[in-house]
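**Student:** coords please:
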Amino acid sequence: MKLLKKLPIITMIVVMAQQLSSCGAEAVAALFIPLISAKTWTDQADDQHTFFFNVDTEGKSKSNFIGNENIEGNQDRFSGYYDEHYIEFTYTEINSSDATKLGAKYTGKIEDQKLIRLKTNKGKELVLTSN
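**Tutor:** Alright, predicted model coming up:
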């Protein structure tokens, strides 16, 4: 008889444990870790226009980075961060002919390990691809 009284409590504990383990599995599966370092990113509109990102903590879902854009034989530098799919960076040094980029902020989405879609605070859109 004592076991019958405890059965609802045992059942409730088992159900709660299943819910917690299910919730944890979903949270891990939903985590996106961008791998944007150590590869060349190319402007989809111009394959001579490339970008590089040097990430502080590779293999993490969030990180700061510094980077450079190679255009016209010059390098323009930027710094920023990503948080899973979200990415944001601001130009800090301009060596190309486009001095208006200084301070320009790019925000966008890291779609996957081969595609980043960006938009500037000045209205320009940029799509970067990687092999």
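**Student:** so where is the protein shaky, pLDDT-wise?
**Tutor:** For the chain, the stretches flagged by pLDDT under 70 are 1-29.
**Student:** which stretches of it form strands?
**Tutor:** Defined through DSSP state E, the strands belonging to the chain, from first to last, are 41-43, 46-55, 62-71, 74-83, 86-93, 105-112, 115-120, 125-129.
**Student:** could I get the ones you listed as TSV with distance to Ala30 and mean neighbour count?
**Tutor:** Where C-beta positions appear, they are placed from N, C-alpha and C, glycine not excepted. Converted to TSV, the strands of the chain look like this (distance: least, CB to CB, whole Å; neighbours: other CB atoms under 10 Å):
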stretch	distance to Ala30	mean neighbour count
strand 41-43	25	19
strand 46-55	21	16
strand 62-71	14	18
strand 74-83	14	17
strand 86-93	14	17
strand 105-112	14	17
strand 115-120	19	17
strand 125-129	24	17
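**Student:** Redo those strands as a markdown table? Include distance to Leu35.
**Tutor:** Below are the strands of the chain laid out as a markdown table (distance: least, CB to CB, whole Å):
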| stretch | distance to Leu35 |
| --- | --- |
| strand 41-43 | 12 |
| strand 46-55 | 9 |
| strand 62-71 | 11 |
| strand 74-83 | 11 |
| strand 86-93 | 13 |
| strand 105-112 | 9 |
| strand 115-120 | 12 |
| strand 125-129 | 14 |
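**Student:** what domains does the record give for the protein?
**Tutor:** Partitioning the chain according to automatic domain parsing yields domains covering residues 1-30, 41-129.
**Student:** can you tell me the distance between the two ends of the longest one?
**Tutor:** Looking at domain 41-129, the gap from its leading to its trailing residue is 5 Å under the measure CA to CA, to the nearest Å.
**Student:** same deal with stretch 52-67?
**Tutor:** Where stretch 52-67 starts and where it finishes are 5 Å apart, if you go by CA to CA.
**Student:** Can you tell me what sits against that stretch?
**Tutor:** Contact partners of stretch 52-67, identified using CB atoms under 8 Å, 6 or more residues apart in numbering, comprise 31-38, 40-41, 51, 68, 70, 77-84, 89.
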